[in-house]
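**Q** Could you work out the structure for the sequence below:
(one chain, ligands or ions: 1)
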Amino acid sequence: MTDANSELRQELERLRSLEKTLHMALDMVSDGIWDWDRVTGVVKRNAHWYRMLGYEPFSLPETVDTWLQLIHPDDYDGTVSRMQRYLDGQAELFSARYRFKKADGHYIWLHDRAKFVAFDGQGNPIRMLGAHHDIQQQVQAEQEQRNYQARLEQLNRELEAKVEARTRELAEANAALTRQVSLYSRQAQTDYLTGLFNRRYFEHLIGEHRIMPPRQECAIVLLDLDRFKEVNDRYGHPVGDLVLQAIPSLLKSHLRNQDVLARWGGEEFIVWLPETSKTNALQISERLRLALEQARFCHDIRLTGSFGIADCRPGDDIHHAIEKADSCLYLAKQMRNRVICT
Ligand SMILES: Nc1nc2c(ncn2[C@@H]2O[C@H](COP(=O)(O)OP(=O)(O)OP(=O)(O)O)[C@@H](O)[C@H]2O)c(=O)[nH]1
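**A** Take a look at the predicted model:
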């Protein structure tokens with residue numbers, strides 16, 4: 001009996017010493033240890049636990065309520081339900097991060113981890129050992145990282161918006177520039193008063209062989225309005241302008257789509273008639289002459305025109321053809337209201 005007692009005492013000593021070692025080890029790896037006896041309801045907390053939270057060691061009631069009262073209200077439900085899950089056997093371990101109230105009223109973030117360490121004869125847990133770890137700095141660092149990330153994303157969004165706006169501005173500027181360029185190039189091709197191609201553009205078309213391709217029979221017609229000075233002198237220059245502006249539609253109504261009409265000089269016009277024989281060029285010019293003669297312009301002004309025609313055969317020089325048409329026009333001018341052909 002005595003031997004049995006002494007063996008039991010020795011075993012108890014060994015267990016106590018083991019537990020002391022365990023607490024020392026826990027002291028080293030955590031900031032506070034709690035030890036809940038589920039039979040008595042007492043929760044022992046070590047001195048570290050109190051110091052971490054700024055309380056006088058062992059100054060708080062050793063109950064579960066002490067724990068519950070110090071949990072931040074916003075973290076309360078989540079923490080308690082995690083504990084309940086463990087108590088109900090639905091988790092391997094109790095593990096929760098929550099804010100916990102210090103003696104000065106401030107909260108710090110803790111990581112709380114615990115496990116059952118003793119069971120009764122029926123296997124019911126009767127003791128739970130847990131460790132509180134101060135993770136305030138870690139949570140702060142995580143928060144700063146999140147803020148930094150959010151700021152970075154915000155900056156990124158702002159940058160994207162700026163790039164998008166700038167791209168839009170550039171596209172608009174580009175479109176405006178394209179419009180401007182096409183306006184300028186139209187202006188460069190067009191005679192401001194009549195809206196017809198100007199002489200420079202007509203010559204450009206010649207240079208590009210878009211007028212008088214080398215293998216085509218065609219004709220050039222030069223037309224000069226007769227005594228136009230008299231219109232200006234009698235009705236004034238603005239009225240002369242109005243008459244000149246009416247000429248293109250009058251002439252075009254007797255021309256084909258493929259014919260090219262341009263203003264050659266003040267009251268002089270040029271027509272290129274593609275795929276047109278000399279006979280046809282004469283007929284067309286005669287029609288134009290008649291149309292002019294019969295037209296009534298503003299103030300009932302009447303006009304006639306003189307025409308010089310040069311026909312061109314494949315291989316002819318276009319400039320030479322224009323010179324020939326000019327010579328014919330010169331002859332026509334001697335009589336006026338005439339069509340003269342080479
Ligand atoms: N209103 C107006 N008149 C112009 C324009 N360009 C040339 N003229 C006029 O055209 C007239 C040409 O005069 P002239 O060269 O003497 O020829 P014309 O009076 O037509 O006589 P002929 O050609 O010999 O039949 C001048 O009065 C010019 O001022 C223009 O853009 N607007």
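
**Q** For Q245, which three-state class applies?
**A** Under DSSP: H, G, I helix; E, B strand; the rest coil, Q245 falls in the helix class.

**Q** ok, for it, nearest residue in space, not its chain neighbours?
**A** T194 (5.8 Å; CB to CB, 6 or more residues apart in numbering). C-beta: built from backbone N, CA, C; applies to glycine.

**Q** where's the one you found relative to the ligand, distance?
**A** With distances taken as CB to the nearest ligand atom, to the nearest Å, T194 is found 8 Å from the ligand.

**Q** do the same with Y76
**A** Remark: distance between Y76 and the ligand (CB to the nearest ligand atom) = 94 Å.

**Q** Could you pull up the contacting residues of that residue?
**A** By CB atoms under 8 Å, 6 or more residues apart in numbering, Y76 lies in contact with L68.

**Q** tell me how far the helix or strand hosting it is from the chain's mean position?
**A** Element membership for Y76 (DSSP states H and E) is helix 73-87. Distance, stretch centre to chain centre, for helix 73-87: 48 Å (CA atoms, centre = their mean, to the nearest Å).

**Q** ok, now stretch 108-127?
**A** Here stretch 108-127 is found 59 Å from its chain centre; the criterion is CA atoms, centre = their mean.

**Q** Which positions in it come out as buried?
**A** Neighbour-count burial for stretch 108-127, counted by 16 or more other CB atoms under 10 Å, picks out 108-114, 116, 125, 127.

**Q** gap between the two ends of that stretch?
**A** 26 Å (CA to CA, to the nearest Å).

**Q** Need the pLDDT of the residue nearest to Q245.
**A** As summarised for this prediction, T194 has a pLDDT of 97.

**Q** how close does the spatially most central residue of the chain sit to Q294?
**A** The residue lying closest to the centre of the chain (CA atoms, centre = their mean) is E164, at 3.6 Å. From E164 across to Q294, the span is 63 Å (CB to CB, to the nearest Å).

**Q** Which residue would be the closest one in the stretch 51-200 of the chain to the ligand?
**A** Proximity of the stretch 51-200 of the chain to the ligand (CB to the nearest ligand atom) peaks at L193, 5.3 Å away.

**Q** Isn't that residue up against V243?
**A** No. Using CB atoms under 8 Å, L193 is not in contact with V243; the gap is 10.6 Å.

**Q** The two: which is more packed in?
**A** A side-by-side neighbour count of L193 and V243, using other CB atoms under 10 Å, places V243 first with 20 against 16.

**Q** Not counting its neighbours along the chain, what's nearest the more buried one?
**A** Nearest one to V243, counting by CB to CB, 6+ apart, is F297 at 4.7 Å.

**Q** Which single one of the buried residues of stretch 108-127 is nearest to E158?
**A** Closest approach to E158 among these (CB to CB): W109, at 31.7 Å.

**Q** for the longest helix along the chain, what is the average pLDDT?
**A** Of all the segments assigned as helix in the chain under DSSP state H, the longest by residue count is helix 136-189. When pLDDT is averaged over helix 136-189, the result is 94.

**Q** where's that helix relative to the chain centroid, distance-wise?
**A** For helix 136-189, the distance to the chain centre is 7 Å (CA atoms, centre = their mean).

**Q** what helices or strands is that helix leaning on?
**A** strand 107-119, helix 199-207 (3 or more CB pairs under 8 Å, 6 or more residues apart in numbering; DSSP states H and E).

**Q** tell me the angle of the lowest-mean-pLDDT helix or strand in the chain relative to strand 107-119?
**A** Using mean pLDDT, DSSP states H and E, helix 2-29 stands out as the lowest-scoring helix or strand of the chain, at a mean of 80. With axes from the mean of the first three to the mean of the last three CA atoms, to 10 degrees applied, the angle from helix 2-29 to strand 107-119 works out at 160 degrees.

**Q** residues in contact with the next helix or strand after helix 2-29?
**A** Downstream of helix 2-29, the first helix or strand assigned by DSSP H and E is strand 32-37. With CB under 8 Å, 6+ apart as the contact definition, strand 32-37 has outside contacts at 23, 26-27, 42-46, 48-50, 52-53, 64, 67, 114, 126-132.

**Q** May I have strand 32-37 as PDB, with CA atoms only?
**A** Only the C-alpha atoms of strand 32-37 are listed here, as PDB (Å, rounded to 0.1, in the frame of the first residue of the first chain):
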ATOM      1  CA  GLY A  32      -0.400  34.600 -23.000                       C
ATOM      2  CA  ILE A  33      -1.600  31.300 -21.900                       C
ATOM      3  CA  TRP A  34      -5.100  30.400 -20.700                       C
ATOM      4  CA  ASP A  35      -6.100  27.100 -19.100                       C
ATOM      5  CA  TRP A  36      -9.800  26.400 -18.800                       C
ATOM      6  CA  ASP A  37     -11.000  23.700 -16.400                       C
END
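
**Q** Taking helix 2-29 as reference, get the angle to that strand.
**A** 140 degrees.

**Q** which strands and helices sit next to the least confident helix or strand of the chain?
**A** Using 3+ CB pairs under 8 Å, 6+ apart, helix 2-29 sits against strand 32-37, strand 125-134.

**Q** sorry, back to before: least confident of the helices and strands packed on helix 136-189, on average?
**A** Looking at those, the bottom one is helix 199-207 with a mean of 91.

**Q** buried stuff in stretch 47-65?
**A** Here stretch 47-65 shows 48-50, 52-53, 55, 60, 62 as buried, counting by 16+ other CB under 10 Å.
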